[in-house]
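Enquirer: Predicted model and sequence below, questions to follow.
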Amino acid sequence: MNWSVALTIAVLGGVIGCADGTLHFGGGGTLSSNGAKITVSGDIADSRQTDSAGNTVAVPAGRDVAVFVYSNLRCCNASFVPATDLPFRSVDFTVAPFDTVELSDLAFDDVESVIVSGGSGSFTVGKVSEGDLTVFFLLDDAVGDGSIDAGDPVAVLTDDNGRLVDVRAGRSVTAQAIDITFDTDFPVGTADPDTIKTGTADGSAP
């Protein structure tokens, strides 16, 4: 897969900065009847990256991490042939014809993002639309641009227990002690949380 396009601010339209630090990219998304949204938060416990030789090395000190939360990310949009509409997690991107998919071929209902400044591990992404959630982490360039470009190290949050599937508006999601290995090659790196917990917007349990 060529990871040289999307997940980028430029293609997502107007960016609106919110009071909680979330960067809102438009795209609409799905609201509940009372307009409620989802909050996704977490803390990065450790991070490293895979270099061009396949070695795992430490992340340079002070590098920012961008967190992208997608609602209903799927393959693929109308430009991809053959036409399909499959959940992102269900697609084997190593098998034809999906081995030719680029990120610009993917479709989604909404995406929100925050920047985690170098040296800080905690993040909160607000105003996330309901549905199936996919969380990407980008290790930004030394001179950060907040977008995923060719060669940028990326990781996707592991969700073995399906906590990010069909998350309803008004809920909160917390990923604790995330261990990230960034990678520039497909499949992208992994972000393994100790636990993923869901609750109501006020933080109480389900």
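Expert: In hand now; what should we look at? Numbering: from 1, shown residues only.
Enquirer: Now the terminal residues of stretch 167-176, how far apart.
Expert: 17 Å (CA to CA, to the nearest Å).
Enquirer: Name the residues that touch it?
Expert: Residues outside stretch 167-176 that contact it (CB atoms under 8 Å, 6 or more residues apart in numbering) are 30-32, 34, 36-43, 129-133, 135, 157, 163-164, 193-201, 203. Glycine gets a C-beta too; all of them are placed from N, C-alpha and C.
Enquirer: ok, His40 - contacts?
Expert: I think there's a mix-up here, since residue 40 is Val and not His. Applying CB under 8 Å, 6+ apart, we find Val40 in contact with Val69, Thr124, Val125, Val128, Leu133, Val135, Ser172, Val173, Thr174, Ala175.
Enquirer: Now for the residue nearest to Leu139 when sequence neighbours are not counted: which residues touch it?
Expert: Nearest-residue entry for Leu139: Pro153, 4.1 Å, with adjacent residues in sequence omitted and distances by CB to CB, 6 or more residues apart in numbering. By CB under 8 Å, 6+ apart, the contact set of Pro153 is Gln49, Thr50, Leu138, Leu139, Phe182, Asp183, Thr184, Gly189.
Enquirer: May I ask which of those has the most neighbours?
Expert: Leu138 (27 neighbours; other CB atoms under 10 Å).
Enquirer: Can you tell me the SS state at it?
Expert: strand (DSSP: H, G, I helix; E, B strand; the rest coil).
Enquirer: Make residue 1 into 21 and carry on from there
Expert: In the new numbering, first residue 21, that becomes Leu158.
Enquirer: Name the nearest residue to it, ignoring sequence neighbours.
Expert: Leu158 sits nearest to Ala86 (CB to CB, 6+ apart), 4.2 Å away.
Enquirer: The one you found contacts Val136, correct?
Expert: Yes. With contacts counted by CB atoms under 8 Å, Ala86 reaches Val136, the gap being 7.4 Å.
Enquirer: before we move on, the earlier item: give me phi/psi at the residue nearest to Leu158?
Expert: Ala86 has phi and psi values of phi -100, psi 130 when expressed as degrees, to the nearest 10.
Enquirer: Which helix or which strand is home to Ser140?
Expert: Assessed by DSSP states H and E, Ser140 sits outside every helix and strand.
Enquirer: for this structure, what are the low-confidence residue spans?
Expert: Scanning the chain for pLDDT under 70 picks out the ranges 21-55, 162-171, 206-207, 221-226.
Enquirer: quick one on the thing from earlier: can I get the contacts of Val60 in CSV with distance to Asp130?
Expert: Rendered in CSV, the data for the contacts of Val60 read as follows (distance: CB to CB, whole Å):
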residue, distance to Asp130
Val89, 9
Thr144, 17
Val145, 11
Val148, 7
Leu153, 10
Val155, 13
Ser192, 17
Val193, 15
Thr194, 20
Ala195, 19
